[in-house]
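A.B. asks: Take a look and give me a structure for this.
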Amino acid sequence: MLEDRLRFGEEMNFLEWQRRYNLESQSTLPPPPLPPRSLITGLPTSVFLPVVPPKRPDSSDDKHVLAKHSSIYPKEEELSAVQKLVTTTEKALKLVSDFLSESDRPKQVVDKPTIKEEDPELSKEDQQPPRVLKGVMRVGVLAKGLLLTGHLNVQLVVMCTEKPTRTLLERVADNLPKQLK
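C.D. replies: Residues are numbered from 1 along each chain as shown. Next up, the predicted model:
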């Protein structure tokens, strides 16, 4: 009895599939020729093509949602301006990080006779002190791509090796306008 129900369900699914893809009218036609075989695998090439259902017409709800999205999403000019501003700021913060690491590096005066060969095991990272500013991350609506028309305030987070202090903030704030130029 359970087997009969399963078989009946499978037959109904098959008939529904035929009805949906309009295959009932094609059942009286002779079977189509075999698909061409792939030169690489020897399998029919149609095996690799996805079955694409027919496109359903857009409903009024779909049109309403698309219209609302186009009205609240920023225009291409606004998006490119924000992208340019963020990229410029990230580059300027990289230059500030370079400046701070150069100014924090201890001045080593080395006499010519005492110069030793560099240890090949030490890489450049081991020879230089760690950077104060490690990187910049995009956060909030900018990182998620959820910008809205008229609300183009974005946020960047600067990552530091140590807990930031007021003096570090002042040094970055003093140097950033110079690097932005």
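A.B. asks: what helix or strand is the nearest residue to residue 152 once chain neighbours are set aside on?
C.D. replies: Spatial nearest neighbour of residue 152, excluding adjacent residues (C-beta to C-beta, 6 or more residues apart in numbering): residue 82 at 5.5 Å. Using the backbone N, CA and C atoms, a C-beta is placed for each residue, glycine as well. Using DSSP states H and E, residue 82 sits within helix 76-104.
A.B. asks: Show me which residues of that helix are buried.
C.D. replies: For helix 76-104, a neighbour-count test (16 or more other C-beta atoms under 10 Å) marks 82, 86, 89, 92-93, 96-97, 99-100 as buried.
A.B. asks: Could I get those in a markdown table, plus columns for distance to residue 173 and pLDDT?
C.D. replies: Formatted as a markdown table, the buried residues of helix 76-104 follow (distance: C-beta to C-beta, whole Å; pLDDT from 0 to 100):
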| residue | distance to residue 173 | pLDDT |
| --- | --- | --- |
| 82 | 22 | 92 |
| 86 | 18 | 94 |
| 89 | 13 | 93 |
| 92 | 12 | 94 |
| 93 | 12 | 93 |
| 96 | 10 | 92 |
| 97 | 14 | 91 |
| 99 | 13 | 90 |
| 100 | 12 | 89 |
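A.B. asks: Which single one of these is nearest to residue 57?
C.D. replies: Checking the buried residues of helix 76-104 against residue 57 by C-beta to C-beta gives residue 82 as the nearest, at 35.7 Å.
A.B. asks: Residue 142 is in contact with the closest one, correct?
C.D. replies: Yes. Taking C-beta atoms under 8 Å as the definition, residue 82 is a contact partner of residue 142 at 7.5 Å.
A.B. asks: anything in contact with each of the two?
C.D. replies: The contact sets of residue 82 and residue 142 overlap at residue 154 (C-beta atoms under 8 Å, 6 or more residues apart in numbering).
A.B. asks: neighbouring contacts of the helix or strand harbouring residue 67?
C.D. replies: In this assignment (DSSP H and E), residue 67 forms part of helix 60-72. Helix 60-72 has contacts (C-beta under 8 Å, 6+ apart) with 58, 148-149.
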